[in-house]
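Structure of the sequence below:
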Amino acid sequence: MAESDPSAAAAEAMTSAPPPIVVGVDLGALFTKITLGLTHDHELVRNAHGGHATPTAVTFPSKSRARLLGEDAAEAGRADGNTVAMLDRLLVDSLKNGWEGGPEDDEEDALAKFRRFELRTSDARDPKVYVPNMEEEYSTTALMAMLLGNVRGNVAATIARLEGDLSADKKTNSNNLRFVFAVPASYPQSARDALTDAAYGASVSGSSVVDSARCLAAVYERKFADAGEEKEKVVLAVEVGHARSSVSVLRKTPRETDEKKEDGAAGDAGGVEVLSTVGSPTLGAGLVDVALYDHFLSAHPSLSHHAELKENSRTAQRLLEGCRKLKHLLSMLPENKVTVENIGKNDTDVNLSCTRETLKQLCEKTVIARLKGMIDTAMKKAGGIEAATIGAVEITGGGTRIPFVQEAVRDAVGKGEDFALSRSLDDTSLAFGASLIGVDDAADVEMMDAERQAGREKLLESELAMSRRDVELRRKDEIRNRIEAHVLELRSARHSKHGSLLPSSDEFASYLDSVDDWLFSEECDDADCAQMEEKWNAVESKTEEMCEEYLAAKRAEAEQMDREMEEASKLAAAEKAANGDDDEEDHDTRRLPTKRRMEIVMKNKNEANELFSGKNYRHAAARYAKALTHCSKLFDLSPDEEKEVKEVKLSLHLNLALAYIKLEKLDNARNSCDEALRLDAANVKALYRRATVSYQKRKFDDATEDLKEAERLAPEDKAVKKLRKLVDGQIAKQKKKEKAMAKKMLDDDIMEERNFFRTVVGAWT
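Numbers count the residues shown, from 1 in each chain. Below you'll find the predicted structure:
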């Protein structure tokens with residue numbers, strides 16, 4: 001038998017290996033956007049909550065809780081020193097290299113003063129952030145690795161969804177992922193290295209960094225390759241994000257067909273090249289928020305008592321968030337106002353109003369003049385092109401939605417109001433472009449010194465350990481929530497159908513109180529999963545013994561309901577088969593009249609209500625979701641019809657939220673509450689249900705905020721009052737526990753000082 005050739009076997013193995021999965025990543029100051037590469041048709045990666053963007057932030061709730069990464073991190077307005085946000089701006093030297101010819105302060109970050117976390121820059125090679133809840137420092141590279149680990153998980157989940165394999169998220173090989181980061185051309189090499197190191201720490205071994213201008217050029221070429229243009233075209237691309245901006249001059253060369261070639265050679269494929277690019281690491285829409293903040297703080301009479309307000313205080317955060325909302329509203333209307341709660345004297349609410357013209361004047365120097373200067377510099381760097389030669393202007397990024405920004409772009413290129421600014425490059429273009437460019441094979445064979453490689457390995461080891469810790473703590477939280485939900489159910493069951501069967505003795509109430517106290521004790525905090533399971537089994541066994549009659553009645557009722565639902569399901573299936581009706585998948589793309597479409601919506605809603613009444617929550621949720629899908633297919637609505645549809649959608653989101661709460665899908669429930677509040681910000685039910693979700697997730701501050709608003713809107717609502725009492729009780733227990741821990745730490749410190757003193761005295765005697 002002939003011996004096999006090892007080199008041939010290796011070559012065969014390489015050819016049979018699956019192609020790498022390219023992942024384009026656009027790290028924004030507020031949100032990170034991710035797209036898959038060609039292998040998955042450049043699908044946009046959703047986060048765990050279903051959103052198309054992932055917050056660029058990490059939260060550390062406590063030593064006994066898992067990290068909250070990306071979409072789970074605390075919102076900016078509610079964050080404290082334990083939430084680290086805008087991670088891309090913390091990497092070493094990431095704010096250096098302001099645009100040539102720009103102002104000297106282009107590297108000064110006006111948003112930095114609003115940070116609530118503590119950034120320590122004593123180590124110039126890798127700044128650190130101190131996290132009070134963990135009593136530890138974390139390097140900015142390690143924090144970025146945490147976020148990218150979450151991104152990797154979302155990528156795996158998206159691949160699983162696309163491939164129809166729900167277990168694929170566990171099987172996706174990290175070694176087969178290739179992250180491509182879109183960064184400004186001004187990003188220094190030190191920051192680029194930190195980014196690829198962070199990817200390695202997140203178990204993504206292959207990664208590279210490309211300039212954002214190249215990404216925009218790749219997307220423009222992809223979208224307009226077959227535009228049929230016969231002449232060369234110069235395109236100005238302006239991107240204004242929350243904290244960064246860039247201006248690029250692109251040149252699109254038309255395809256040259258074989259017929260046009262005189263020498264008979266093959267036609268030129270054409271393409272889009274980058275002639276110049278200019279970037280600012282600090283110019284962005286966030287400066288508009290700061291301009292409004294400074295304006296109101298100095299001119300608003302209701303804020304005169306805040307003469308020395310610290311920017312990182314909770315009050316300042318509320319004011320800044322109000323300014324951000326007002327900015328968005330002024331992008332839609334020439335004049336508007338917002339109400340910001342608890343920032344006036346004695347925690348009163350304050351109304352902030354402004355006009356577009358005033359906002360433009362406030363931003364003339366800090367935003368408008370700098371953006372025009374960047375455009376002028378980019379045109380000069382592109383060979384001194386004239387404004388008249390620009391064939392198209394593409395604008396992208398949230399900041400370009402601001403009217404005076406659009407006006408500044410037109411002025412800079414000598415165009416009037418009638419000149420159309422194109423949005424062909426949408427907010428996902430940088431991530432999309434990065435996924436189009438892909439990873440150069442040479443990028444994976446990067447030469448680096450032994451010290452950097454050792455640092456990478458240490459980063460990887462640390463992140464793997466923290467990920468294992470998170471898994472353990474999440475499991476522990478699940479058991480804790482199970483115990484707490486069980487106790488809460490038994491407490492509230494007194495007024496239910498079978499409540500009379502519950503024991504009425506003080507012993508029962510005392511036992512529930514003791515379990516509640518244990519959940520907030522040090523013993524619970526220090527328990528591992530095995531001990532938590534043991535506690536759950538003990539609680540379940542004890543309550544089974546004490547509430548035997550009640551639980552037996554509940555089980556009998558549930559079994560009867562299951563039998564009835566099974567019979568109803570069989571009848572429904574038979575009815576469908578008889579009618580030839582199969583609506584398991586939604587293939588309905590018809591442009592039906594509004595009346596007919598609303599009939600379908602209401603049919604699904606009514607069926608969902610029946611299913612919900614029968615406690616078939618999973619199918620009820622599916623029906624509510626289907627009704628909402630049909631709502632999205634309505635078109636050309638009159639004002640009255642829009643009002644009717646809005647009311648129906650509001651009801652559907654509220655019902656869907658409740659169904660998800662029953663199914664214990666708390667993230668989905670919160671999303672439904674958020675959607676309901678977008679439709680009606682003063683809806684008490686939505687606030688109450690979102691507070692219920694926050695309570696069950698032990699986010700008591702969030703719950704309190706929603707309940708305070710609900711109480712303001714409906715002071716007599718008994719359900720709101722009852723939940724507020726429960727939340728306040730849990731907060732009181734937390735504070736009591738924190739106070740006890742602080743006292744214990746103080747006692748330990750005193751004892752340590754005494755022992756030290758005794759040692760010193762003993763040494764002298």
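
In the stretch 451-600 of the chain, what residue spans correspond to helices?
506-519, 522-526, 529-546, 548-579, 594-613 (DSSP state H, counting those that start in this stretch).

What of the stretch 601-750 of the chain?
With DSSP H, counting those that start in this stretch, the ranges of helices along the stretch 601-750 of the chain come out as 617-631, 639-662, 666-679, 684-696, 700-713, 718-764.

list the helices and strands the first one packs on?
So the one you mean is helix 617-631. Where contact means 3 or more Cβ pairs under 8 Å, 6 or more residues apart in numbering; DSSP states H and E, helix 617-631 is packed against helix 594-613, helix 639-662. Quick note: C-beta positions are derived from backbone N, CA and C, even for glycine.

Take the ones you listed and lay them out in a markdown table including distance to residue 711 and mean pLDDT.
Shown next, in a markdown table, are the helices and strands packed on helix 617-631 (distance: least, Cβ to Cβ, whole Å; pLDDT from 0 to 100):
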| stretch | distance to residue 711 | mean pLDDT |
| --- | --- | --- |
| helix 594-613 | 27 | 86 |
| helix 639-662 | 19 | 89 |
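
if you compare the ones you listed, which one is most tucked away?
Most buried of the helices and strands packed on helix 617-631, by mean neighbour count (mean count of other Cβ atoms under 10 Å): helix 639-662, with a mean of 19.

ok, and what's touching that helix?
The contact list for helix 639-662 (Cβ atoms under 8 Å, 6 or more residues apart in numbering) reads 594, 598, 601-602, 605, 608-609, 612, 615, 617, 620-621, 624-625, 627-628, 631, 634, 637, 666, 668-670, 672-673, 675-676, 679-680, 683, 685-686, 689-690, 692-693, 696.

can you check stretch 482-495 too?
Stretch 482-495 has contacts (Cβ under 8 Å, 6+ apart) with 499, 502, 512, 515-516, 519, 535-536, 539-540, 543, 547, 550, 696, 726.

could you redo the last one with a cut-off of 6 Å?
With Cβ atoms under 6 Å, 6 or more residues apart in numbering as the test, stretch 482-495 has contacts from 499, 512, 515-516, 519, 536, 539.

Closest to residue 400 out of those?
Here the nearest of the contacts of stretch 482-495 to residue 400, counting by Cβ to Cβ, is residue 519; it sits at 49.4 Å.

so what's that closest one up against?
residue 484.

What of residue 210?
Shown in contact with residue 210 (Cβ under 6 Å, 6+ apart): 434, 437.

Quick check: bridge partners of it?
Per DSSP bridges, the residues bridged to residue 210 are residue 182.

Of all the helices and strands packed on helix 617-631, which one is nearest residue 363?
Residue 363 lies closest to helix 639-662 among the helices and strands packed on helix 617-631, at 34.0 Å (Cβ to Cβ).

so how far is the closest one off the chain centroid?
Its chain's C-alpha centre and that of helix 639-662 lie 24 Å apart, by Cα atoms, centre = their mean, to the nearest Å.

Low-confidence stretches in the stretch 351-500 of the chain?
439-447 (pLDDT under 70).

actually the stretch 51-200 of the chain, not the one I typed
Short version for the stretch 51-200 of the chain, where the test is pLDDT under 70: 77, 97-107, 165-175.

Which stretches in it count as strands?
Assigned by DSSP state E, counting those that start in this stretch, the stretch 51-200 of the chain shows strands spanning 54-55, 57-59, 68-69, 83-85, 118-120, 128-131, 136-139, 177-183.

mind checking which of these is nearest residue 322?
strand 83-85 (18.0 Å).

Who are the packing partners of that closest one?
strand 57-59 (3 or more Cβ pairs under 6 Å, 6 or more residues apart in numbering; DSSP states H and E).

who's in contact with the strand it packs on?
68-69, 73-74, 83-85, 143, 146-147.
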